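Engineer: For reference, the sequence and a predicted model appear below.
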Amino acid sequence: MSKNATSAPIEKENSLVQSIVLFVVMMVLFLGAIYSLSFLTLDNPWPMAVCLGLFALAFWIPQTIFGRSDSAGES
């Protein structure tokens, strides 16, 4: 029997170089979030806002944009 081409999931995998570049960029965002905490004082709340923003981006971008968030229906 032939396999139905429309039921096969579309597999998109990054190359090794692209995966390393994405990892490095997201790690820079994460480490930038941690580094911003070194400027945190009780008088200046902006480093915490920067930390939360960078931290959220470091996890949100890979999970939604580069991830497979639309694969809930696959079995």
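Structural biologist: Thanks, I have the structure now. Computed from a prediction, not measured in an experiment: that's the story for all the values here.

Engineer: Helix or strand: which one has V28?
Structural biologist: helix 16-36 (DSSP states H and E).

Engineer: Low-confidence ranges, the chain, go.
Structural biologist: For the chain, the stretches with pLDDT under 70 are 1-12, 68-75.

Engineer: Mind doing that once more with 90?
Structural biologist: Residues of the chain meeting the criterion pLDDT under 90: 1-19, 22, 60-75.

Engineer: Next, name the residue at the spatial heart of it.
Structural biologist: For the chain, the residue nearest the mean C-alpha position is P62 (2.1 Å; C-alpha atoms, centre = their mean).

Engineer: Now do the buried residues in the helix holding V28.
Structural biologist: For helix 16-36, the neighbour count (16 or more other C-beta atoms under 10 Å) marks 26, 29, 32-33, 36 as buried. Where you see a C-beta, it was placed from the backbone N, CA and C, and this is true even at glycine.

Engineer: Spatially, which two of the residues you listed are the most separated?
Structural biologist: The most widely separated members of those, counting by C-beta to C-beta, are M26 and S36 (15.8 Å).

Engineer: Could I get the buried residues of helix 16-36 in JSON lines, plus columns for distance to W46?
Structural biologist: Supplementary listing: the buried residues of helix 16-36 in JSON lines, determined by distance: C-beta to C-beta, whole Å:
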{"residue": "M26", "distance to W46": "22"}
{"residue": "L29", "distance to W46": "17"}
{"residue": "G32", "distance to W46": "14"}
{"residue": "A33", "distance to W46": "13"}
{"residue": "S36", "distance to W46": "9"}
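
Engineer: and which of those is nearest L57?
Structural biologist: L29 (5.5 Å).

Engineer: residues near the nearest residue to that closest one once chain neighbours are set aside, how many?
Structural biologist: Using C-beta to C-beta, 6 or more residues apart in numbering and skipping residues adjacent in sequence, the residue nearest L29 is A58, 4.0 Å away. For A58, the count of nearby residues is 18 (other C-beta atoms under 10 Å).

Engineer: Verify the contact between A58 and M26 for me.
Structural biologist: Yes: contact status for A58 versus M26: in contact at 5.1 Å, counting by C-beta atoms under 8 Å.
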